[in-house]
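Undergrad: got a sequence here, can you build the structure:
(chains A and B)
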Amino acid sequence: MIERYLHALSLADPGNEDPAATRERLREQFPKGATRRMTQLGLLVGASLNELQPRAEDAIVYATAYGESRTLEAYLDSFPSASPTLFQTSIHPSAVQQAMITRQSAVGEFFPLTGRGQLVATALQTAVLANAPRVLVCGGEERGTWLLENGIASARAFAFALALSAEKTGALARLTLTQGAGAAGELSLPDFFDALVARRALEQSVGCGLRLTLTWT
Amino acid sequence: MSPAAAVCLEAAGCLTALGDAAATHAALLRGECALRPVPVLGTDGGEDVPLALAGGRGLDETAPPSWLPLLHTLAKTIPADAWGSPGRPVFVTSSNFGVGSLHAFRRTGDRAHLAYGTPSLCVEWLAGELGWGTNVTTLSHACVSAHLGLLLASRTLQAGLADRALVFSFDFISPFVAGGFHALKILNAGFPAPYADRPTGSIGLGDGAGFAVLSRERGDFAISAQSLHNEMHHFTANRADGAGFAACLAPVRAAASGRKLWLKGHGTGTLEAGRLESAALASAFPVAPLVSWKGSLGHTLGSCGLVELALATAAVRAGRAPGTVGGAAPSFTPEVALEPFSTAAYDGVVCASNAFGGAHAAFLLTHD
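TA: Okay, the predicted model is just below:
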């Protein structure tokens, strides 16, 4: 069993908010002019990360199933004159990179992951295996448009960031991962997010042979 | 970050436009270039750019993807095991997955392409094709993706969560990615000349896939140190002082003390990154010969770390490392090796890759 403690938590649940409204609402949380080219997911993940004040010695683990859906849509629609800005912003780790580049904050380890039912399991396993004293686990989705109509984008926008360490004192929650749960089980990113919002305890198989417990103090 | 403890490399393999690892290594030794001028948007035309497509396939995506038979062929060379079961995790890495299928869908309206269009769908489909279970971790960090898979697989072994781990990476070029790099103007009509000090930089893109089987005890190679660093300075540029390169190399340099090394750099053919990278490598590992193979194979993107690992092991086994195919004098540093050389005098290889966002990754491959 590997045990970690949750020390900070930031949540963003904008529902069906339009990306332009998200940009306006969060504008003050980023350096002047920085939000102009940020995506909705970049803004949401970035605001969540900002609350946790990333440090150079942190590791960052980022989980998203669909990533930059809106940018991907716009990039595909830009053909045959492909947009260079949309191309570079469409890459999977973009949301965290947008946020950290606005902060000009270098970080050693950054693990961007993707998946569906096993995504939470693999992200948390990545986090507990990191050597860094503090690991920031963040994730989220943005609501797609034509990709959503075709069933390959998220239907909701949300984001979260949480800080994990081995330090027990002052923790908000205790998290354990135990091997030997068998191959079955899954926990999707939206379901994990909802549990964080409700501060709901978790005790279940999450896939990859792992059993997760999350106990709030 | 501090270097991780060593893990053993039990097997490694790859495919490129020049064939499997042995065929690719042999072709590189002969100085062959796999890159060919291809219209950047496939059947939609556009400027001819240097691309290296594997197995005679076309640039336009098909449904199912035309690269599936190539992956089946590669997968047959992976040591058999219950991959994807508890204790036998698979780490899949890519920067593209099946994103070319989204371009094909948008272009044609054929919904058959959607089944491969997201990373999750693509990996789940591929896992079914290759007979893997569900213990699959999927990582995507642009062109350092494969390095992340190697590091995470190593940690899983070191933590006792697995006895053996498979890292598998694939990236196949499509109009989606060729169009993007062309829009950034670094993919153009010019052919890449890695580390050459010339007026204009250019890259080529290539199909590539690779695998590595890691274990705690078996294998005649070891991955003795691994390092990551993310500058988070600019999406497509590095810090001008090269600090990001140096930060990533420092732990590997410490772990390599006393070893005789050669260097497999990132070396895509861009000028500023090539200049910074070669200077940082020359500073960290003085006199060690430096090569890049992307002037022949093209940049195999998120899979380059695994493709080039397999080629480095092939070079060591054969006793000869290919030179920097496509490179030309004058090079940024005198250590750039333009011709093949014997590996007999060396007992380690540093393999480095870079990516968007100022991401850096490096590992030390050692052998007795």
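
Undergrad: contacting residues for residue 211?
TA: Using chain A here. A:Leu177, A:Thr178, A:Gln179, A:Gly180, A:Ala181, A:Gly185, A:Glu203, A:Gln204, A:Ser205 (C-beta atoms under 8 Å, 6 or more residues apart in numbering or on different chains). To be clear about C-beta, it is placed using only N, CA and C from the backbone, and glycine gets the same treatment.

Undergrad: the chain in question should be chain B.
TA: When contacts are counted by C-beta under 8 Å, 6+ apart, B:Phe211 is found next to B:11-14, B:74-75, B:77-78, B:166-169, B:306, B:310.

Undergrad: where does it fall, phi/psi-wise?
TA: Main-chain dihedrals, B:Phe211, degrees, to the nearest 10: phi -140, psi 160.

Undergrad: what's around residue 81, how many residues?
TA: Since you didn't name a chain, this refers to chain A. 8 (other C-beta atoms under 10 Å in any protein chain shown).

Undergrad: not quite, I wanted chain B
TA: There are 15 residues near B:Asp81, going by other C-beta under 10 Å.

Undergrad: that one touches B:Arg88, doesn't it?
TA: Yes - counting by C-beta atoms under 8 Å, B:Asp81 does reach B:Arg88; the two are 5.4 Å apart.

Undergrad: any common contacting residues for these two?
TA: B:Arg164, B:Leu166.

Undergrad: give me phi/psi at A:Thr213?
TA: Torsion angles, degrees, to the nearest 10, at A:Thr213: phi -120, psi 140.

Undergrad: from the contacts of B:Phe211, which are also near chain A?
TA: Checking the contacts of B:Phe211 against chain A by C-beta under 8 Å from any C-beta of the partner chain, not one of them is in range.

Undergrad: mark which of the residues you listed are buried, thanks.
TA: B:11-14, B:74-75, B:78, B:166-169, B:306, B:310 (16 or more other C-beta atoms under 10 Å in any protein chain shown).

Undergrad: tell me how far the ends of stretch A:147-159 are from each other?
TA: End-to-end span of stretch A:147-159 (C-alpha to C-alpha, to the nearest Å): 19 Å.

Undergrad: may I see the buried residues of it?
TA: Applying 16+ other C-beta under 10 Å to stretch A:147-159 flags A:Leu147, A:Leu148, A:Ile152, A:Ala153, A:Ser154, A:Ala157, A:Phe158, A:Ala159 as buried.

Undergrad: stretch B:51-67 too?
TA: Neighbour count says stretch B:51-67 has B:51-54, B:57, B:59-67 buried, by 16+ other C-beta under 10 Å.

Undergrad: cool, stretch B:33-48 as well?
TA: B:Cys33, B:Ala34, B:Leu35, B:Val38, B:Pro39, B:Val40, B:Leu41, B:Gly42, B:Gly46.

Undergrad: partner residues bridging the fourth one?
TA: By that I understand B:Val38. B:Val49 (DSSP bridges).

Undergrad: surely it touches B:Glu47?
TA: No - contact criterion C-beta under 8 Å: B:Val38 and B:Glu47 do not qualify, at 9.9 Å.

Undergrad: quick one: secondary structure of B:Gly302?
TA: helix (DSSP: H, G, I helix; E, B strand; the rest coil).

Undergrad: what's near enough to touch it?
TA: Going by C-beta under 8 Å, 6+ apart, the list of residues near B:Gly302 reads B:93-96, B:140-146, B:169, B:171.

Undergrad: what pLDDT does it get?
TA: The model reports B:Gly302 with a pLDDT of 98.

Undergrad: repeat that for the one 5 residues further on.
TA: pLDDT for B:Val307: 98.

Undergrad: tell me if I am right that it is in a helix.
TA: Yes - counting by three-state DSSP, B:Val307 is part of a helix.

Undergrad: residues in contact with it?
TA: B:Cys14, B:Thr16, B:Ala146, B:Ser169, B:Gly208, B:Ala209, B:Gly210, B:Leu297, B:Thr300.

Undergrad: so which of the residues you listed is the most crowded?
TA: B:Ala146 (37 neighbours).

Undergrad: what sits closest to that one if chain neighbours are left out?
TA: Nearest residue to B:Ala146 in three dimensions, chain neighbours excluded: B:Gly305, at 3.3 Å (C-beta to C-beta, 6 or more residues apart in numbering or on different chains).

Undergrad: so who does the one you found touch?
TA: B:Val144, B:Ser145, B:Ala146, B:His147, B:Leu150, B:Ser169, B:Cys351, B:Ser353, B:Ala361.
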